[in-house]
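Asker: prediction below, plus the sequence it came from.
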Amino acid sequence: NLRPYTHILVARPEPNVALITLNRPKALNALSSPLFVELNQAFLEVDADDSVGAIVLTGSEKAFAAGADIKEMQSKEYSDVFKTRFLEDWTLLSRTRKPIIAAVSGYALGGGCELALMCDIILASPTAKFGQPEINLGVIPGGGGSQRLANIIGKSRTMEMVLTGRNVTAQEAEKWGMVSKVVGEGEGQVVKEAIDMAKVIASKSQIAVQAAKEVVNAAYELNLAEGLRFERRIFHGLFATKDQKEGMAAFAEKRKPEFTNS
Ligand code: HXC
């Protein structure tokens, strides 16, 4: 048990919403290995907690996260990173079943940008800056950036970001489809809007929500024919749930559904 956490904060701003805050302010939330161990444990914990319907992940006003910890990586040799499977544990996070909303203010660079891209929805404050500056350090993205960006914003823009290391603004990221919305100005605004959105998601049938997340993600892993078949099968499966009966009965009876997540 790693609690109390040292590098992150875990809170419950709403009864059914978990808020995980990266908390290494002096290092602009650089994603050190100890931080990632805690982050993985926190995600496992909230994913297993039936009372949580959606998760918000955020950093500080100045930095969502300025990347993997450069000082930790600096002296590593190939044999170290190979043998310890360096960064392989980052993929654990993408196994979280519950939706994760990234609320990004300030720098989301390198591993920080990749962490945001592992989330399901990104909301950005006008101060957000996204970038893959690894090229300036003599390396390349290692947390999925090259693959996820190429899927989302296309080849030319991904090449530009990865080869020049240039940061893109919140507005560009929105235009390119990396973020779903740039919220209004103001401290805490992006976290507030993310919590509001998480609350909406958490009010639905959790079985349907998690099924929906799984099938959307399949669009990035399967070809179209496989993806369509997978979606239809999961859709069929939901007819075995009480929430499907309740949702459709409530519509017919012109009342609000009361989902029981069963
Ligand atoms: C370790 C970091 C860090 C990082 C910032 N710090 N980013 N430490 N790893 N990624 C530390 C600084 O060393 C400094 O510590 C403190 O945080 C404040 O940072 P400053 O540079 O003084 O702040 P500022 O001048 O405002 O500049 C902000 C910045 C800059 C532009 C974000 O910090 C920066 O360029 N950071 C590195 C960004 C980067 O290259 N990211 C990619 C990392 S590689 P002290 O002790 O001096 O106060 C990567 C690989 C991913 O992510 C691969 C797989 C995941």
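Answerer: Everything's here; your move.
Asker: neighbours of residue 8, how many?
Answerer: 20 (other Cβ atoms under 10 Å). Just so you know, the C-beta spots here come from the backbone N, C-alpha and C atoms, and that holds for glycine as well.
Asker: can you give me every residue that contacts it?
Answerer: 20-23, 35, 38-39, 42 (Cβ atoms under 8 Å, 6 or more residues apart in numbering).
Asker: let's see that with 10 Å instead.
Answerer: 2, 20-24, 29, 35-36, 38-39, 41-42, 57, 59 (Cβ atoms under 10 Å, 6 or more residues apart in numbering).
Asker: do residue 44 as well
Answerer: Listed by Cβ under 10 Å, 6+ apart, the contact partners of residue 44 are 92-93, 95-96.
Asker: from the ligand, how far off is it?
Answerer: To the ligand, residue 44 is 20 Å away according to Cβ to the nearest ligand atom, to the nearest Å.
Asker: SS state for that residue?
Answerer: helix (DSSP: H, G, I helix; E, B strand; the rest coil).
Asker: do the same with residue 255
Answerer: The three-state label given to residue 255 by three-state DSSP is coil.
Asker: what's the burial count for it?
Answerer: Neighbours of residue 255 (other Cβ under 10 Å): 9.
Asker: and for residue 55?
Answerer: Here the number of neighbours of residue 55 (other Cβ under 10 Å) works out to 26.
Asker: quick check: it touching residue 209?
Answerer: No: checked against Cβ atoms under 10 Å, the pair residue 55 and residue 209 is beyond contact range at 11.7 Å.
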